[in-house]
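>>> Structural data only, the sequence is not supplied:
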């Protein structure tokens, strides 16, 4: 692969489609380090090709249903091996997207773990014997819901794509992948790995769509009778649009959307550990993670000491260097919201508000006003704010008043108290003495409110793509 | 209660609200037997009252969360006892809605059974210990999703309302009930039973809305921050509207919509039993059940014999008398679609196409054309059609080609073959040697495609109103 020459193809029925005779169908992917430089191109699908992709995925559903659970297990394990073998290749293409070597490695390893977990769950019980009064035998079978459309983001491009492929596949569904227009290469390569591992050609298709064509072609695919469920990982705004299209044709959706994840620091917290947890989760992948810590509520009595620990931790975790964002536009938006908060009396606790091209400096603010946009709008940048609260109950209320509800970190050495507070928190996950970024293939992952609904991972992720079919059996 | 004088109140925070000083807020409910006669009136809510109802339900959520599982069990059991004690009262008000004494009794008994089942499930495990690599302990707790808006229909007015109250309540949610404008009395009385049994006043509210105000007030309630999930049982058309409003504010929905349920009669079927099953499920409650049999596919070799059995069964199950529909408009619609099919060469196998006021005659058609509207549009009337097919696989394809997917009856004495076919059928339930109408509080109930998604009943019904919260616990 030479930079600038690659054209990421469509993958339909195992066929790699790049040529079209129409150069307008190609779109370019830029280098975040030099936003005006093209990294490579991708072949955008036409509406007709998208239709063919859906119809192929429909055909593939019936093929994939015939594959035994043991063979599915072999396929997922083979995919894990293939991914290990191609690790340096994947790390390389992730680094070109301004993902750090550390986070690129996390992406590959987490993807491998997820494939192995899915492999181990292929033998999970397909249903249950049900109590019933009149027929002699009743069962509830978890049936694959049908062909699934998976729409994936660019920010943690491997693991968020693998989960959108492997859980529907493990559930018995075929998958049509819609790659991100900011990272089509890695998504295509992952689809290819699944196919190379043995998923039938028709059961795992992948298409790229240019930004301008995406609204109409995605709508067309969701509305196609062949698609039975849609999963989307990305922004809350786009998630809402997708949910509205799907609801118009009565199709269920799984939505993994934005977050404004909070950490709560109580009086009994280990402040040094809490500070490292907060700072790590604020700056990991340059802030471009839905589980990033963007809000911290600290009980007043330990606020001053915690701030000192945060500054010390930040000096270790990140230097005051500029961090690349995926696009210049994203960096501009981050700079805008931070500057506005600063003008509204928020103080800079660490770092500085500064942008150069697609790069911003890491920064931690204090005393952000509840009425300022920054208070509850996701920045998706390397920044968080730390506000003091009078009591821990006050902190819980502030977390719950958010429109978002993805994950929460809770630093507290009284574990029974922490579990009690965790039950009160209106979020999909609570990590007691852990940071907001925490994702394991065995634990359900998803949010509430504007963070979406539905769950990836583990048995939850499999059931998400199945429906319970009640079968009552009378002898004659 | 004297006919014509009752005014069904709103029930907000335990207060029964009828008076308003504004007679325009009342709407009337008509007698199906004499469509121009008013049975009683109901007090329609104003937008302000609907807001108060949502906010009360929000408050009630926190009260209900504090109630222990043992007390919840007592409450549901007490509700079952109260319902038994008021049985003759409920049968009476159902009969006034043109529901037969038999189906009225089924409604009461099924409601009692459901309350008892919910009582027994209050001690179901609240979650699970989860495997996790890094923290020392991880749990997944099923948390109540929050205040639920339940919108219920008139056709099987008790059991469809009880399930919309009791499963969210069993999940730990508070409920705001929106009664049907065609049966507000029975819905209000059921809400009252729940409260009399011990559900806190704020946790179980009920409001009536007039037909003309329903679109705007329902939208307002769904969009209110206080409502966290919506369940709707009713027509596919209205379900779509509700799903679209909910998706605009990213709220999950449970939809139990229409059906065009099919029965398949194979060569090995017990034709007499199958005929009784088909006829019973076509005519029960005068055809006004989402699980009604509206389509029958019979393997050609047994078609003629089956038709004879059907005519004999129909003579026992129903006489050729006029059956009342809930409104004159519904009866007109049924007459219209049947007449049109008859003009399109469908033959009358049993009964006749005839309407008088809000009454229609039971009728069975044969040879309905795949292109005619009747082929896949729900009539919701006392009618079904019987078409012949060349093979049982052909029948499966015809069932699956429907836009609907609620339940299916499958008459076949080779049970292993029947289970194999059941797995292929794209419906929420398959009843082997049973009719399409089959509903037990222990078995998940719901559909696929235009029949909706999500499940009532049993553990499935409880989980529907909860979200899995992942809690990881590290010692400090």
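Ah, there it is. Just so we're clear, the structure is a prediction, and the values are computed from it rather than from any experiment.
>>> So which residue is dead centre in chain A?
residue A:160 (4.6 Å; C-alpha atoms, centre = their mean).
>>> so how far is residue A:328 from that residue?
For residue A:160, the distance to residue A:328 equals 23 Å [C-beta to C-beta, to the nearest Å]. The way it works is simple: take the backbone N, C-alpha and C, and place the C-beta from them, glycine included.
>>> who's in contact with residue A:385?
A:294-296, A:341, A:346, A:364-368, A:374-375 (C-beta atoms under 8 Å, 6 or more residues apart in numbering or on different chains).
>>> That one and chain B, how far apart?
Distance check for residue A:385 against chain B: by C-beta to the nearest C-beta, to the nearest Å, it reads 23 Å.
>>> try residue A:57
Relative to chain B, residue A:57 is positioned 16 Å away (C-beta to the nearest C-beta).
>>> just how off-centre is the longest strand along chain A within its chain?
Secondary structure of chain A per DSSP state E: the longest strand is strand A:34-43. Here strand A:34-43 is found 23 Å from its chain centre; the criterion is C-alpha atoms, centre = their mean, to the nearest Å.
>>> wait, isn't residue A:464 in contact with residue A:453?
No: Residue A:464 lies out of contact with residue A:453 (C-beta atoms under 8 Å); the separation is 10.1 Å.
>>> More neighbours: those two, which one.
Neighbours were counted for residue A:464 and for residue A:453 using other C-beta atoms under 10 Å in any protein chain shown; residue A:453 has more, 26 against 22.
>>> Pull the contacting residues for the nearest residue to that one once chain neighbours are set aside.
Of all residues not flanking residue A:453 in the chain, residue B:252 sits nearest, at 4.7 Å (C-beta to C-beta, 6 or more residues apart in numbering or on different chains). Residues in contact with residue B:252 (C-beta under 8 Å, 6+ apart) are A:453, B:145, B:229-230, B:246.
>>> repeat that for 10 Å
Neighbouring residues of residue B:252 by C-beta atoms under 10 Å, 6 or more residues apart in numbering or on different chains: A:243, A:252-253, A:255, A:448, A:452-454, B:145, B:228-231, B:243, B:246, B:453-454, B:464-465, B:467.
>>> Likewise for residue A:428?
Residue A:428 makes contacts with A:256, A:259, A:291, A:404-408, A:444-449, A:451-453, A:455, B:143, B:467-470, as judged by C-beta under 10 Å, 6+ apart.
>>> can you list the domain ranges for chain A.
Using automatic domain parsing, the domain parsing of chain A gives A:7-257+A:449-470, A:261-432.
>>> Looking at the ones you listed, which is nearest to residue B:436?
domain A:7-257+A:449-470 (12.0 Å; C-beta to C-beta).
>>> Quick one: end-to-end length of that closest one, please.
With C-alpha to C-alpha, to the nearest Å as the measure, domain A:7-257+A:449-470 spans 47 Å from end to end.
>>> Ok, stretch A:142-154 next?
Across stretch A:142-154, first to last residue, C-alpha to C-alpha, it's 32 Å.
>>> all helices for the stretch 1-150 of chain A, in order.
Here the stretch 1-150 of chain A has its helices, by DSSP state H, counting those that start in this stretch, at A:47-65, A:69-85, A:87-95, A:101-120.
>>> can you pull the buried residues of the last one?
By neighbour count with 16 or more other C-beta atoms under 10 Å in any protein chain shown, helix A:101-120 contains the buried residues A:103-104, A:106-108, A:110-119.
>>> does chain B sit close to it?
Yes: counting by C-beta under 10 Å from any C-beta of the partner chain, chain B is contacted by helix A:101-120 at A:113, A:117.
>>> In this structure residue A:465 contacts residue A:165, no?
No: checked against C-beta atoms under 10 Å, the pair residue A:465 and residue A:165 is beyond contact range at 11.1 Å.
>>> which residues are common contacts for these two?
A:148, A:150, A:175.
>>> Looking at those residues, which is nearest chain B?
residue A:148 (13.7 Å; C-beta to the nearest C-beta).
>>> How many neighbouring residues does the closest residue to the closest one other than its chain neighbours have?
With C-beta to C-beta, 6+ apart as the criterion, residue A:148 has its nearest non-adjacent residue at 4.2 Å, and that residue is residue A:168. Per other C-beta under 10 Å, the neighbour tally for residue A:168 reads 31.
>>> and residue A:168, backbone torsions?
Taking degrees, to the nearest 10, you get phi -60, psi -40 for the backbone angles of residue A:168.
>>> returning to what we had before: just the ones in strands from the contacts of residue B:252, please.
Using DSSP E, the contacts of residue B:252 in strands are A:253, A:255, A:448, A:452-453, B:229-231, B:453, B:467.
>>> Please name the spatially closest residue to residue A:449 (chain neighbours excluded).
residue A:405 (4.4 Å).
>>> Please apply the same query to residue A:186.
Closest residue to residue A:186 apart from its sequence neighbours, by C-beta to C-beta, 6+ apart: residue A:157 at 4.6 Å.
>>> Can you tell me the element that neighbour falls in?
Using DSSP states H and E, residue A:157 sits within no helix or strand.
>>> Looking at it now. What's its pLDDT?
Per-residue confidence (pLDDT) for residue A:157: 95.
>>> Could you pull up the contacting residues of it?
A:90, A:93-94, A:97, A:99, A:104, A:107, A:111, A:179-180, A:182-187, A:189-190.
>>> and if you look at residue A:314?
A:275-276, A:278-280, A:282-283, A:320, A:349-351, A:362-364.
>>> How is it assigned, secondary-structure-wise?
Three-state assignment for residue A:314 (DSSP: H, G, I helix; E, B strand; the rest coil): helix.
>>> Distance of it relative to residue A:194?
When distance is defined by C-beta to C-beta, residue A:314 is 39 Å away from residue A:194.
>>> picking up where we left off before, what's the longest strand of chain A packed up against?
Contact partners of strand A:34-43 among helices and strands, from 3 or more C-beta pairs under 10 Å, 6 or more residues apart in numbering or on different chains; DSSP states H and E: strand A:7-8, strand A:26-31, helix A:184-197, helix A:328-343.
>>> Cheers, nothing more for now.
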